[in-house]
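Peer 1: Show me the folded form of this:
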Amino acid sequence: MWVMTTDLASKTCKPCEGGVKPLTREQSAKLLAALHPDWEISSDGLEISRQYDFPAYSRTLGFANAAAWIAISEGHHPVLTVSYGSCEVSYTTHAINGLSDNDFICAAKTDRLINTAE
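Peer 2: Residues are numbered from 1 along each chain as shown. I've put the predicted structure just below:
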């Protein structure tokens, strides 16, 4: 079983209304290394995403609802693309047109949904 190398999931998102610079590629790569290896950074470096696979639509919807609850609790919202047996989760920080710590914190919390279910 994979285990986070940094405890991003224990952190809380900070409101981001702009006025700060997005993370550099180097900073993003370092934080990405603390997530599950299935997370990827987009080619333009503005987004991270991961696909989660499930054996049934009901499990997919349960996961999507739990991910939505994290988003509401943290005030940081992903794009969730729900299909029959999968849910793709993508994070970016729109206010700064790039990645912030919040994206990686929420990604880690989303991963925790799967890790606690195993």
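
Peer 1: For the rest of this, base every contact and every neighbour count on C-alpha atoms.
Peer 2: Fine.

Peer 1: which ones are touching the residue nearest the centre of the chain?
Peer 2: By Cα atoms, centre = their mean, the mean C-alpha position of the chain lies nearest to residue 107, the distance being 2.3 Å. Residues near residue 107 by Cα atoms under 8 Å, 6 or more residues apart in numbering: 35, 91.

Peer 1: That one and residue 19: what is the separation?
Peer 2: To residue 19, residue 107 is 23 Å away according to Cα to Cα, to the nearest Å.

Peer 1: Tell me how many other residues crowd residue 70.
Peer 2: Applying other Cα atoms under 10 Å, we find 19 other residues in the vicinity of residue 70.

Peer 1: Equivalent analysis for residue 100, please.
Peer 2: 27.

Peer 1: what do you get for residue 33?
Peer 2: 13.

Peer 1: what pLDDT does it get?
Peer 2: Residue-level confidence at residue 33 comes out at 94, pLDDT.

Peer 1: before we move on, what about the one 4 residues further on?
Peer 2: On the pLDDT scale, residue 37 is placed at 95.

Peer 1: same check, this time on residue 11
Peer 2: Note for residue 11: predicted pLDDT of 74.

Peer 1: residues contacting the residue nearest to it when sequence neighbours are not counted?
Peer 2: Nearest non-adjacent residue to residue 11, counting by Cα to Cα, 6 or more residues apart in numbering: residue 105, 6.5 Å away. Residue 105 sits next to 8-9, 11-13 when contact means Cα under 8 Å, 6+ apart.

Peer 1: CSV for those residues, including neighbour count and secondary structure?
Peer 2: Output for the contacts of residue 105, formatted as CSV (neighbours: other Cα atoms under 10 Å; DSSP: H, G, I helix; E, B strand; the rest coil):
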residue, neighbour count, secondary structure
8, 19, helix
9, 18, helix
11, 15, coil
12, 15, coil
13, 18, coil
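
Peer 1: Name the nearest of those relative to residue 28.
Peer 2: Ranked by distance to residue 28 (Cα to Cα), those are led by residue 8 at 13.1 Å.
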